[in-house]
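**Q** Sequence first, then the predicted structure, then my questions.
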Amino acid sequence: MNSGPYLFIFGLFVIAVGVAWILTGGPGADIGFPSPVTPTPLPVQEPTAGMATPPQEQGTLPPSGPGDQAASTQAQPITTTVPVTTVSPTPQPTQQISSDDIKLHFMDLAFGSGNAYLERWNVTGNNGRIIISISAGDDSDSMLLSGAAREFNSLSQTSQLSEMIKEGMNGNIVIKFIPGEGMGDIAVNTSDSLTNHDFQINGSTVSEVTPGVVYIDEDLKGDQRNHTLMRSLYYELGVTGETQKYPDSLFYSGVNTNVNLTYVDRGAIAILYGPGLYPGMTVDDIRRIMYIQ
């Protein structure tokens, strides 16, 4: 019996089976083509107590594009803004006023009306405080005088005015309101002192200033009343002169109703009641001290 054809057929069968195993991933697939290995993820370590957490940099942003590659990776410093409290400045004059202007203004106010000597209160009693009292005035008069005393005290380095305005006739400076028709009956001794003076409006006397006592027409109203009251008070305090240079000054020589001290007025009052000056000084005495030509 010839077995050649059977062996041939059996060989083909063996070859066919081997090819089938290779195509279906049988044991032959491991030869030269290892299956991919899936990596096992490492366990995540949870932070434990006592472990320091690395500080995170603030202000560093990852680059978002080609143009951001040059961005600095260093943390940006934190800038603290401290609010600044602005103090409101002292009101300044609308025109430029120099120290020499103030000195000359003082000379006009202190040595006006032809007087050759300085008129100024030099209080030795009442702890150096000048007491003001008012007779027959109203509440607005007392309030104005109290405010004037407070402003004067902020300027004077010597005498001080009591800010408590008294009623009656028992002050160092007495301000008495009387009927207008009685103003002509006030006797003024002009030879006694330059503190004796009268203020007039349209030829009518509205204020008589005598040493220690001021008489004011009670019929005055509004700013005219307030101006006369303030002007008379400062005349009693030694401002016997006036100015033609500053129309807004309380001491302007022309007709006006100015009530408040201006910047240059305040400077002149500060000199008048500053240290180193005293009643009775002459113009030459003042010029030498203040270096005024």
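**A** Perfect, thanks for sending it. Residues are numbered from 1 along each chain as shown.
**Q** Okay, helices next: where are they in the chain?
**A** Counting by DSSP state H, the chain has helices at residues 4-23, 99-110, 139-155, 222-236, 263-272, 283-290.
**Q** quick one: the strands in the chain?
**A** Here the chain has its strands, by DSSP state E, at 129-130, 132-135, 160-161, 166-167, 173-178, 197-201, 204-210, 213-217.
**Q** Any idea which of the ones you listed gets closest to residue 292?
**A** Distance to residue 292, taken as C-beta to C-beta, is lowest for strand 197-201 among the strands of the chain, at 25.1 Å. Every C-beta, even on glycine, is put in place using the N, C-alpha and C of the backbone.
**Q** Give me the buried positions along the closest one.
**A** Buried residues in strand 197-201, counted by 16 or more other C-beta atoms under 10 Å: 197-199.
**Q** now swap in stretch 242-258 and tell me
**A** Buried residues in stretch 242-258 (16+ other C-beta under 10 Å): 242-243, 246, 249-252, 256, 258.
**Q** how about JSON lines for those, with pLDDT and distance to residue 216 added?
**A** Output for those, formatted as JSON lines (pLDDT from 0 to 100; distance: C-beta to C-beta, whole Å):
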{"residue": "242", "pLDDT": "96", "distance to residue 216": "18"}
{"residue": "243", "pLDDT": "97", "distance to residue 216": "22"}
{"residue": "246", "pLDDT": "97", "distance to residue 216": "24"}
{"residue": "249", "pLDDT": "98", "distance to residue 216": "20"}
{"residue": "250", "pLDDT": "98", "distance to residue 216": "16"}
{"residue": "251", "pLDDT": "98", "distance to residue 216": "17"}
{"residue": "252", "pLDDT": "98", "distance to residue 216": "19"}
{"residue": "256", "pLDDT": "96", "distance to residue 216": "17"}
{"residue": "258", "pLDDT": "98", "distance to residue 216": "17"}
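**Q** Arrange the helices of the chain in CSV, one row each, with distance to residue 118, mean neighbour count and mean pLDDT as further columns.
**A** Shown next, in CSV, are those (distance: least, C-beta to C-beta, whole Å; neighbours: other C-beta atoms under 10 Å; pLDDT from 0 to 100):
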stretch, distance to residue 118, mean neighbour count, mean pLDDT
helix 4-23, 131, 10, 61
helix 99-110, 6, 19, 96
helix 139-155, 17, 16, 98
helix 222-236, 14, 20, 97
helix 263-272, 8, 21, 97
helix 283-290, 7, 14, 91
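**Q** Out of those helices, flag the one nearest residue 163.
**A** helix 139-155 (4.6 Å).
**Q** Let me know the angle separating that closest one from helix 222-236.
**A** Between helix 139-155 and helix 222-236, the angle comes out at 40 degrees (axes from the mean of the first three to the mean of the last three C-alpha atoms, to 10 degrees).
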